[in-house]
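Colleague: need a 3D model of the sequence below.
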Amino acid sequence: MKIKVEKPSPSVLAARKVTSWPVWEKEVSRFDWHYDAIEECYLLEGEVEVETPDGGRVAFGAGDFVTFPKDLDCVWEVKKPVRKHYRFIPS
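Modeller: Take a look at the predicted model:
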């Protein structure tokens, strides 16, 4: 299970209609999370580091488009407050 981080162009964001997705906000914090479905998100603000059970760490922030795989267990560490557009993809 791999977390994918991309730097999309404005045309890619427009094609995916990212600005129509809901917005999620979170203060600086650390918490466990489990993904029941694939999540795609685009960070408007913030800085995050996610730790996976195998000891891997993935960092991302404003301007990044991130895809989380279904069934991923991880720990989110929000280093700077986050605002992101997100959507879950049913399997």
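Colleague: alpha carbons only for contacts and neighbour counts from here, please
Modeller: OK.
Colleague: what sits up against the strand ranked longest in the chain?
Modeller: When the chain is parsed with DSSP state E, its longest strand is strand 73-89. For strand 73-89, contacts defined as C-alpha atoms under 8 Å, 6 or more residues apart in numbering pick out 18-19, 21-35, 37-53.
Colleague: helix/strand/coil for the residue sitting furthest away from the middle of the chain?
Modeller: When distances to the mean C-alpha position of the chain are computed (C-alpha atoms, centre = their mean), the maximum falls on residue 11, with 19.5 Å. Secondary structure, DSSP: H, G, I helix; E, B strand; the rest coil: residue 11 is helix.
Colleague: shaky segments in this structure?
Modeller: 1 (pLDDT under 70).
Colleague: where do the strands sit along it?
Modeller: 4-6, 23-26, 29-34, 38-51, 57-61, 65-68, 73-89.
Colleague: adding mean neighbour count, write these out as TSV.
Modeller: Formatted as TSV, these follow (neighbours: other C-alpha atoms under 10 Å):
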stretch	mean neighbour count
strand 4-6	14
strand 23-26	14
strand 29-34	12
strand 38-51	19
strand 57-61	16
strand 65-68	20
strand 73-89	18
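Colleague: residues contacting residue 27?
Modeller: Contacts of residue 27 (C-alpha under 8 Å, 6+ apart): 78, 80-82.
Colleague: could you do residue 32 as well?
Modeller: Taking C-alpha under 8 Å, 6+ apart, one finds 73-76 in contact with residue 32.
Colleague: adding distance to residue 63 as columns, could you present the residues you listed in a markdown table?
Modeller: Converted to a markdown table, these look like this (distance: C-alpha to C-alpha, whole Å):
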| residue | distance to residue 63 |
| --- | --- |
| 73 | 24 |
| 74 | 22 |
| 75 | 21 |
| 76 | 18 |
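Colleague: nearest to residue 65 among those?
Modeller: residue 76 (16.0 Å; C-alpha to C-alpha).
Colleague: would you list the strands that the longest strand of the chain pairs with, along with their directions?
Modeller: Sheet pairing of strand 73-89 (DSSP bridges) gives strand 23-26 (antiparallel), strand 29-34 (antiparallel), strand 38-51 (antiparallel).
Colleague: before I go, just wanted to say thanks for your time.
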